[in-house]
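J.: Next come a sequence and a model predicted from it.
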Amino acid sequence: MRFLRLPALAGWLALRSGALFGERDRTWARIQREGVLRVGMDASYPPFEVVDAEGRFFGYDVDLARTPNGSPAIETVLRDGPLGEGSVQWYVDANHEEHYFTIYEGRADLHDRLRDFAVFDVVANNTDRKSGHVLIDDNDHLWGIDHGLCFGADFKLRTVVWEFGGEPIADELVDAATRIAKSVPLDIAALLADDEVVALQERANWVVEHREFPVDESGRRYPWPLV
């Protein structure tokens, strides 16, 4: 096993290391003292952790480790906490009694937003859209979360959003898919392998050609657990 030396901005990971608070305290104190967080990597696990011919690490897990907050899409700020200075992620104050199934049943006015999720899941090849991965906040804004299992080259769609199957897809969503089918934005393509970019365009093109929400005729394209 080899190690990456990373800036202490990623120190929030240290709070999860060790089974006892005492060990966590010692780990965090070391990171503060040395300014380095050591992350173990298994270099034989492509595409997540790989070493190139020059001995440099690359892969999904390496990119994740080098991103202090674990996701560039989530705002992160430094704050003083009970264990000292650390990074804090933006928290969405959502009603956790609500999720996709309850929103679909009780909020017909939000169905168009749920249709957005359905198209996104197809194009992104989401393999884990559980009902609890759709949140609603106090302003009735819907949030999609936990999109780590997306963009694979092999089509493995797993989602709970099938209620719109067979319905026509709105023109604005088809237009968005058309733009991706023609050219994947560089900031997305740069994070994907070549075959994943091609597969992404093929899925977007499927939306453009069919213009209808897909139907799960097999009944097997659901994640587990459902919520």
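T.: Looks like it came in fine. Numbering: from 1, shown residues only.
J.: Packing partners of the helix or strand harbouring residue 102?
T.: Under the criterion of DSSP states H and E, residue 102 resides in helix 100-106. For helix 100-106, the elements it packs on are helix 111-124, strand 134-136, judged by 3 or more Cβ pairs under 8 Å, 6 or more residues apart in numbering; DSSP states H and E. (Each C-beta comes from the backbone N, C-alpha and C, glycine too.)
J.: what does the longest helix along the chain contact?
T.: If you go by DSSP state H, the chain has its longest helix at helix 194-210. Where contact means Cβ atoms under 8 Å, 6 or more residues apart in numbering, the residues beyond helix 194-210 that reach it are 119, 122-125, 151-155, 169, 173-174, 177-178, 180-182, 184, 188-189, 192.
J.: Just the CA atoms of it, as PDB, please.
T.: Coordinates of each C-alpha in helix 194-210 appear next as PDB, following Å, rounded to 0.1, in the frame of the first residue of the first chain:
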ATOM      1  CA  ASP A 194     -13.400   8.200 -23.200                       C
ATOM      2  CA  ASP A 195     -15.900   5.300 -23.300                       C
ATOM      3  CA  GLU A 196     -18.000   7.000 -20.600                       C
ATOM      4  CA  VAL A 197     -18.200  10.200 -22.600                       C
ATOM      5  CA  VAL A 198     -19.300   8.200 -25.700                       C
ATOM      6  CA  ALA A 199     -21.900   6.300 -23.600                       C
ATOM      7  CA  LEU A 200     -23.200   9.600 -22.100                       C
ATOM      8  CA  GLN A 201     -23.800  11.000 -25.600                       C
ATOM      9  CA  GLU A 202     -25.500   7.800 -26.700                       C
ATOM     10  CA  ARG A 203     -27.900   8.000 -23.800                       C
ATOM     11  CA  ALA A 204     -28.600  11.600 -24.500                       C
ATOM     12  CA  ASN A 205     -29.200  10.800 -28.100                       C
ATOM     13  CA  TRP A 206     -31.700   8.100 -27.000                       C
ATOM     14  CA  VAL A 207     -33.700  10.800 -25.200                       C
ATOM     15  CA  VAL A 208     -33.600  12.900 -28.400                       C
ATOM     16  CA  GLU A 209     -34.700  10.100 -30.700                       C
ATOM     17  CA  HIS A 210     -37.400   8.600 -28.500                       C
END
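J.: quick one: average pLDDT of that helix?
T.: Here helix 194-210 scores 97 as its mean pLDDT.
J.: quick one: the closest residue to residue 211 other than its chain neighbours from residue 176, how far?
T.: Leaving aside its sequence neighbours, residue 211 sits nearest to residue 169 (Cβ to Cβ, 6 or more residues apart in numbering; 5.3 Å). According to Cβ to Cβ, to the nearest Å, residue 169 and residue 176 sit 10 Å apart.
J.: Minimum distance to residue 50: which of the helices and strands packed on helix 100-106 has it?
T.: Smallest distance to residue 50 across the helices and strands packed on helix 100-106 (Cβ to Cβ): 23.5 Å, for helix 111-124.
J.: got the buried residues for the closest one?
T.: By neighbour count with 16 or more other Cβ atoms under 10 Å, helix 111-124 contains the buried residues 113-124.
J.: Next: stretch 141-158.
T.: Neighbour-count burial for stretch 141-158, with 16+ other Cβ under 10 Å as criterion, is recorded at 142, 144, 147, 150-153, 157-158.
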